[in-house]
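[1] any chance you could fold what I've pasted below:
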Amino acid sequence: MALETPLGRRIVWVTRKAGERGLVRLVGQGLPARGRHAQGHLFVRLRPQESSTDSAARSLLRRFAAAWAA
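    Presented below is the predicted three-dimensional model:
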């Protein structure tokens, strides 16, 4: 997934563990170093996205479940 950071647009890979936690830490991608403060980390909170369109697989699964129940 691509997202905007204080350092510009970055590509982020979300692991299964990070997806389950709902939080990704991007080391050194936060606010830039300033004075005696080091480069910051960027934390990205993940939320499930409601899909308005069904995939072909989900559509087939729904039709199969309906036929099986009948």
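[2] distance of Arg58 relative to Gly19?
    19 Å (C-beta to C-beta, to the nearest Å). For glycine as for every other residue, the C-beta is placed from the backbone atoms N, C-alpha and C.
[3] same question for Leu60.
    Relative to Gly19, and taking C-beta to C-beta, Leu60 is found at 25 Å.
[4] go on, Ala70?
    36 Å.
[5] one more: Val12?
    Using C-beta to C-beta, Val12 is found at 11 Å from Gly19.
[6] Trp13 too?
    11 Å.
[7] between these two, which one's more packed in?
    Each of Trp13 and Gly19 has its neighbours counted (other C-beta atoms under 10 Å); Gly19 has more, 12 against 7.
[8] which SSE is the more buried one in?
    If you go by DSSP states H and E, Gly19 is part of helix 16-21.
[9] buried set for the very next helix or strand once past that helix?
    Per DSSP H and E, the first helix or strand lying C-terminal to helix 16-21 is strand 23-26. Of the residues in strand 23-26, Val24, Leu26 count as buried by neighbour count, 16 or more other C-beta atoms under 10 Å.
[10] pull the contacting residues for the residue positioned nearest the centre of the chain.
    For the chain, Leu46 is the residue whose C-alpha lies nearest the centre (C-alpha atoms, centre = their mean; 5.1 Å). Residues in contact with Leu46 (C-beta atoms under 8 Å, 6 or more residues apart in numbering) are Val14, Ala18, Gly19, Gly22, Leu23, Val24.
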